[in-house]
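Peer 1: Coordinates for the following, if possible.
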Amino acid sequence: MFFALQKSTIKNQKQGQQLNIRREFFIFGIVGIAGFLVDAGVLYLLKGTLGLYWARVPSFFCAATATWLLNRQFTFRNRVSGVSIIHEYVKYFGLMLGGGVVNYLVYAMAVSLMPAFVFRPLIAVAMGSIAGMFINYSFARYFVFHRKSR
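Peer 2: Residues are numbered from 1 along each chain as shown. Predicted coordinates:
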């Protein structure tokens, strides 16, 4: 009886964790849409001056900053980094560079291989954002906001 109860409790805990991860990932995706809008908006503002490739540098910086602020407020509000806010931002930004590299590579390949994206790079930005999202979620959850708040 005790082992059956214990087994049931463990099963319920795992189901609760899976539900929490799904909820976090959903909110992370919504925050990602906001980051995508910031990314694309800054890209469109700067592409005439910096070009399609170099304009992605400041657009990524702005998007990463926006998503950090939104993720700490909404996605991971029940989790903390355990470090100062400056250290948290630097750590977040550094880890987002991993997903950013994947994001940029997919974007650059799409722009270089599909001539229509040169004039309308929005789809290429979206393709890159989706590719980097899974990596960035893992980095944010397990390396930045890895502690449960009390």
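
Peer 1: who are the neighbours in contact with residue 122?
Peer 2: Residue 122 is in contact with residue 40, counting by CB atoms under 8 Å, 6 or more residues apart in numbering. C-betas here are computed from N, CA, C, even on glycine.

Peer 1: can you give me the helices in the chain?
Peer 2: Ranges of helices in the chain, per DSSP state H, are 2-54, 56-70, 85-113, 116-119, 122-139.

Peer 1: Let me have those helices in TSV, adding distance to residue 147 and mean pLDDT as columns.
Peer 2: Shown next, in TSV, are these (distance: least, CB to CB, whole Å; pLDDT from 0 to 100):
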stretch	distance to residue 147	mean pLDDT
helix 2-54	14	81
helix 56-70	17	94
helix 85-113	11	91
helix 116-119	41	79
helix 122-139	15	88
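
Peer 1: and residue 79, which of the ones you listed is closest to it?
Peer 2: Closest approach to residue 79 among the helices of the chain is made by helix 2-54 (8.5 Å; CB to CB).

Peer 1: list the helices and strands that closest one packs on?
Peer 2: Secondary-structure packing of helix 2-54 (3 or more CB pairs under 8 Å, 6 or more residues apart in numbering; DSSP states H and E): helix 56-70, helix 85-113, helix 122-139.

Peer 1: Just the buried residues of stretch 21-28, please?
Peer 2: If you call a residue buried by 16 or more other CB atoms under 10 Å, then stretch 21-28 has these buried ones: 24-25, 27-28.

Peer 1: can you check stretch 102-119 too?
Peer 2: By neighbour count on 16+ other CB under 10 Å, the buried set for stretch 102-119 is 102-104, 106-107, 110-111, 117.

Peer 1: before we move on, what about stretch 71-88?
Peer 2: 71-72, 75-76, 79-81, 88.

Peer 1: now swap in stretch 31-50 and tell me
Peer 2: 31-32, 34-36, 38-40, 42-43, 46-47.

Peer 1: circling back: got the buried residues of stretch 102-119 as TSV, with distance to residue 132 columns?
Peer 2: Formatted as TSV, the buried residues of stretch 102-119 follow (distance: CB to CB, whole Å):
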residue	distance to residue 132
102	5
103	3
104	8
106	8
107	9
110	13
111	16
117	17
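
Peer 1: Sounds good, over and out.
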